[in-house]
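Asker: no sequence on this one, just coordinates:
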């Protein structure tokens, strides 16, 4: 297990850092100033800050199950319901701007309902996780 963690962490972190840096480049905007620009231009800063934050969370967290449950409740619903709905609605908006035919009204309504359902499930899952961890209600 130790060898697996030690061997996989650099691979996972390298992918995370590249995604983080590309996000910072997209956020920096046209002027190239500010904190996002510093992250996008500095390999060291974009390595040290996320690693320090991850280490801080690991040190301060005594219950790993809570962290895993929160990640599951937040990102599970987002990956299954919210992100695909946003992608569809964004594509539909782009098609309309280009003068291409859009999806049917029923499909658009369905995607808005799926998006709303995903948000409710995300909020509900997170609420249940927090209630289960910090209260005796559940």
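Answerer: Structure received. These numbers were taken from a predicted model, which means no experiment stands behind them.
Asker: look at residue 101 and give its secondary structure.
Answerer: Recorded secondary structure, residue 101: coil (DSSP: H, G, I helix; E, B strand; the rest coil).
Asker: now the residue nearest to it when sequence neighbours are not counted: which helix or strand?
Answerer: Distance criterion CB to CB, 6 or more residues apart in numbering; nearest residue to residue 101, sequence neighbours excluded, is residue 95 at 7.0 Å. (C-beta placed from N, C-alpha, C; glycine too.) Under the criterion of DSSP states H and E, residue 95 resides in helix 83-97.
Asker: from the chain's centroid, how far away is that helix?
Answerer: 19 Å (CA atoms, centre = their mean, to the nearest Å).
Asker: now it: buried residues?
Answerer: Within helix 83-97, the residues scored as buried using 16 or more other CB atoms under 10 Å are 85, 88, 92.
Asker: just so I have it, where are all the helices in the protein?
Answerer: Here the chain has its helices, by DSSP state H, at 2-27, 35-41, 43-60, 64-77, 83-97, 105-134.
Asker: want to try a markdown table for these, with mean pLDDT as columns?
Answerer: Below are the helices of the chain laid out as a markdown table (pLDDT from 0 to 100):
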| stretch | mean pLDDT |
| --- | --- |
| helix 2-27 | 77 |
| helix 35-41 | 62 |
| helix 43-60 | 80 |
| helix 64-77 | 88 |
| helix 83-97 | 90 |
| helix 105-134 | 93 |
